[in-house]
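Visitor: sequence first, then the predicted structure, then my questions.
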Amino acid sequence: MSKAEKPGRARATKQAPEQAPEQATDQAPGQATDPGDGRQPARLAVRKTYKLYIGGAFPRSESGRSYPVTSSSGDFLANAAKASRKDARDAVTAARKAFGGWSGATAYNRGQVLYRVAEMLESRRAQFIAELAESGTKNAREVVDASVDRLVWYAGWSDKIAAVAGSANPVAGPYFNISSPEPTGVVAVVAPDKPLLGLVSVIAPVIVTGNTCVVIASERAPLPAITLAEVFATSDLPGGVVNILTGSVAEIAPHLAAHMDVNALDLAGVTDRAVAVACEEAAAANLKRVLRPAETDWFADPGTGRMTAFLETKTVWHPTGV
């Protein structure tokens, strides 16, 4: 090779890297273009606007509002519906309508349904792992596994909690006295900011004991909650047993607390003390049962506390020998 050829070669090697940025600027983010070399064109980004889950259906918010959901790094992921007071009232109506059939089902049947939900969650494991990772959850795989296990655990309690929480009471006189637990009714739940395991851990004990619920999902990371709603919709769970709202906790929670057709309140996800106090004061109007917010290790053994918190005790006296 002659010395005259070397400068030309050097110039060629310098020009190659300079072409890459020029090619990159030809394609806008999310824009489909033809690269001209036979490769597949870039796909358009399909950004979803998620809806609410009320009465077994996925309606838009009646207010038409939504808010952007971003990843832990600030990237846009989707839009989530921003529920209004009207949406909350509709959810309570759906929960009340479903209460009779769900509370009247056998405990064994409720356990079967909960186990089916666990199966459906397991089948969408990869999607939940991806959504949790995007929300900043470091141990996404462990969270999904623990959520499936938690559903199976509560499913096993469905036909056993009555034996643990009920009793036959010794009394004086020719009577026998039996106490048995019954579901409270419609429970409003503020889900903790633990997008899946915390959510499952507050919903499962409410519904396995025969209650129905209206849930306010994590405002920061609502996508796993909406995906869980899709799991509920495709399992055997009757519509209205679980209703999931997305949006502002400060806006919706006090309204649910004051709603006269809500029987109990779980404030697990309320981090603002002023909102918690306002909810407790509003709940006193019809003597709601209130489970106050507390620091919780959602990976720990949950015990029976969240099941018995939303059970009423019915005592029957009956004469002996009749």
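Guide: Yep, that arrived.

Visitor: list the buried residues in the one helix or strand Val316 maps to.
Guide: Assigned by DSSP states H and E, Val316 belongs to strand 311-319. Judged by neighbour count (16 or more other Cβ atoms under 10 Å), strand 311-319 contains these buried residues: Leu311. Heads up, the C-betas are built off the backbone N, CA and C, glycines and all.

Visitor: next: stretch 217-236.
Guide: 217-219, 221-229, 231-232, 235.

Visitor: centre of the chain to that stretch, how far?
Guide: Here stretch 217-236 is found 5 Å from its chain centre; the criterion is Cα atoms, centre = their mean, to the nearest Å.

Visitor: now do stretch 159-178
Guide: For stretch 159-178, the distance to the chain centre is 36 Å (Cα atoms, centre = their mean).

Visitor: just to revisit the earlier point, counting by contacts, list what the strand holding Val316 packs against.
Guide: Under the contact criterion of 3 or more Cβ pairs under 8 Å, 6 or more residues apart in numbering; DSSP states H and E, strand 311-319 touches helix 161-165, strand 175-183.

Visitor: do you know which of these lies nearest Gly100?
Guide: strand 175-183 (10.7 Å; Cβ to Cβ).

Visitor: next SSE downstream of the closest one?
Guide: Trace forward from strand 175-183 with DSSP H and E and the next one is strand 186-190.

Visitor: who are the packing partners of that following strand?
Guide: Packed next to strand 186-190, using 3+ Cβ pairs under 8 Å, 6+ apart, are helix 85-104, helix 197-208, strand 212-216, helix 249-258, strand 264-266.

Visitor: what pLDDT does the model give Gly8?
Guide: At Gly8, the model reports a pLDDT of 45.

Visitor: compare the helices and strands packed on strand 311-319 and give me the one nearest Ser123.
Guide: Once these are compared by Cβ to Cβ, helix 161-165 is nearest, at 27.3 Å.

Visitor: buried residues in that closest one, which are they?
Guide: Across helix 161-165, burial judged by 16+ other Cβ under 10 Å covers 161, 165.

Visitor: other SSEs contacting that helix?
Guide: For helix 161-165, where contacts count as 3+ Cβ pairs under 8 Å, 6+ apart, the packed elements are strand 175-183, helix 305-308, strand 311-319.

Visitor: could you give the mean pLDDT of the helix or strand just after that helix?
Guide: Counting by DSSP H and E, the element after helix 161-165 in chain order, helix or strand, is strand 167-169. For strand 167-169, mean pLDDT is 88.

Visitor: now for strand 167-169, which elements pack on it?
Guide: Helices and strands touching strand 167-169, as assessed by 3+ Cβ pairs under 8 Å, 6+ apart, comprise strand 175-183.

Visitor: the strand it packs on vs helix 85-104, what angle?
Guide: 140 degrees (axes from the mean of the first three to the mean of the last three Cα atoms, to 10 degrees).

Visitor: buried sites along strand 175-183?
Guide: For strand 175-183, the neighbour count (16+ other Cβ under 10 Å) marks 180-181, 183 as buried.

Visitor: again, but for stretch 283-290
Guide: 283, 288-290.
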